[in-house]
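1. Sharing a model that was predicted from the sequence below.
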Amino acid sequence: MRPIGMFSSLKVELSVLIAISTAIAFIMAWILLKFGWSGWVAMPLTLVVALGITYLFSRGLIAPLRQMRKAAEAMAEGDYTVRVNMATDSNDEIGQLARTFNEMAGELEHANQMRLDMVANVSHELRTPVSALQAMVENMADGVVEPTPANLESILNQTHRLSDLIAFLLDLSRMEAGAASLNIERFNVHDFLDETIEPLEIADAGHAHDIELHVADDIEMEGDQDRLRQLFTNIIANALKHSADGTRVLIECREQADRGLIVTNVVNFGSQIPLADRSNIFRRFVKGKSGPGTESGGTGLGLSIARWAALLHGGTVKVVDDDRGADFEIALPKYHIASDISDTSRSHAHVHAQGD
């Protein structure tokens, strides 16, 4: 019970508490003295009543703090599901603290779940290619299968998958550490995107996707081409992954001179991302749906790394409304502005299910 929790300041609440206790004590002492009570009896009795009222009110004030202490102790033991349910509707500092505490607890619970998911996902992603490689090599060693070009190519594909996963994990560690170095240079955007798309078209040959690139030949920008190639490769690969065979993926790039931005939209036609899911897909190890009831496969890191690479350049990646389909909009500064990379990479917000 917080009888005076409606005020917007704890100082005001304490002042009101003191005023109420003093007023009650004064009125009670006056009444007792008026009815002929001895001052030696009336004053101690009045003091006891005033202290009792103060204790009752103060207990209501600090009850949420006791609950927060118990919740913090539970969280220290690994229980991140606890929440403070007292004073959350109060306007004073304790109410604000209670709401902030619950937000922190929610973030810690999510981070812990992501840690558990990471262990499970990484274990699964590593086990699959390693098991396949082991089986292929053992069969060749036993003479069960011949080292034909097709079999060797299958082994090579599995090693590429392992290499990609290790690269993803290294990028993830850089994200967590907030450490990255950028090699800034000026380059032609059309040539850059064309070079980025080419290996994706080769890898996608069996799905017959048509990648359309619409960008002026004279647009230039500054940035780290390796990091930006990670960004665009992951976004475009995600679009291809969630497009039906034989459909097209549109890449539109334009310069917004008034804002000093290079804006690129990557659209895969047909599919849509629900509004409520548009930030979750950028979380680490969140996998989207490639079809009804199925996951997309992959590591669940691509879009998270893409957003990180954009943030390193002072840019953004988000899903925007588009009647044509899922539309990822990438906005990057045309000219690089030196900044604290560590702070930039740490500043990305949580963002929800067509993931990578």
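-> In hand now; what should we look at?
2. Give me the average confidence score over stretch 231-238.
-> What stretch 231-238 shows for mean pLDDT is 90.
3. swap in stretch 48-56?
-> 77.
4. next one: stretch 72-81
-> Mean pLDDT, stretch 72-81: 88.
5. ends of it, how far apart?
-> Start-to-end span of stretch 72-81 (C-alpha to C-alpha, to the nearest Å) is 11 Å.
6. So which elements touch the helix or strand where Val49 lies?
-> In the assignment (DSSP states H and E), Val49 maps to helix 39-76. Under the contact criterion of 3 or more C-beta pairs under 8 Å, 6 or more residues apart in numbering; DSSP states H and E, helix 39-76 touches helix 10-34, helix 93-142. Heads up, the C-betas are built off the backbone N, CA and C, glycines and all.
7. And that helix, what's buried?
-> 42-43, 46, 50, 54, 57, 60-61, 63-64, 67-68, 71, 75 (16 or more other C-beta atoms under 10 Å).
8. Out of those, the closest to Thr100 would be?
-> Met68 (10.1 Å; C-beta to C-beta).
9. Identify the residues contacting the closest one.
-> Val84, Leu97, Ala98, Phe101 (C-beta atoms under 8 Å, 6 or more residues apart in numbering).
10. will you turn those residues into TSV that also has neighbour count?
-> Shown next, in TSV, are the contacts of Met68 (neighbours: other C-beta atoms under 10 Å):
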residue	neighbour count
Val84	22
Leu97	17
Ala98	24
Phe101	20
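11. of all those residues, which two lie farthest apart?
-> Every pair of these checked by C-beta to C-beta; the farthest is Val84 and Leu97, at 8.6 Å.
12. Would you agree Glu212 is in contact with Thr247?
-> No - assessed by C-beta atoms under 8 Å, Glu212 is found out of contact with Thr247, at 11.1 Å.
13. looking at the protein, which helix or strand does the model trust least?
-> Of all helical and strand segments in the chain, the minimum by mean pLDDT, DSSP states H and E falls on strand 294-295, at a mean of 38.
14. what is the mean pLDDT for whichever helix or strand His190 is part of?
-> With secondary structure defined by DSSP H and E, His190 is part of helix 189-203. Helix 189-203 shows a mean pLDDT of 90.
15. so how far is it from its chain's centroid?
-> 29 Å (C-alpha atoms, centre = their mean, to the nearest Å).
16. And that helix, what does it pack against?
-> Partner elements for helix 189-203 (3+ C-beta pairs under 8 Å, 6+ apart): strand 210-214, helix 225-241, strand 248-256.
17. and of the ones you listed, who's closest to Tyr335?
-> Taking the helices and strands packed on helix 189-203 one by one with C-beta to C-beta, strand 248-256 is closest: 11.6 Å.
18. Now tell me what touches the closest one from outside.
-> Contacts for strand 248-256 (C-beta under 8 Å, 6+ apart): 189-190, 193, 197, 209-216, 219, 236, 239-240, 243, 261-269, 324, 334.
19. Contacts only, for the closest residue to Ile184 other than its chain neighbours.
-> Spatially, and ignoring its direct neighbours in sequence, Ile184 is nearest to His336 (4.8 Å; C-beta to C-beta, 6 or more residues apart in numbering). For His336, the contacting residues are Leu182, Ile184, Glu222, Gly223, His313, Gly314, by C-beta under 8 Å, 6+ apart.
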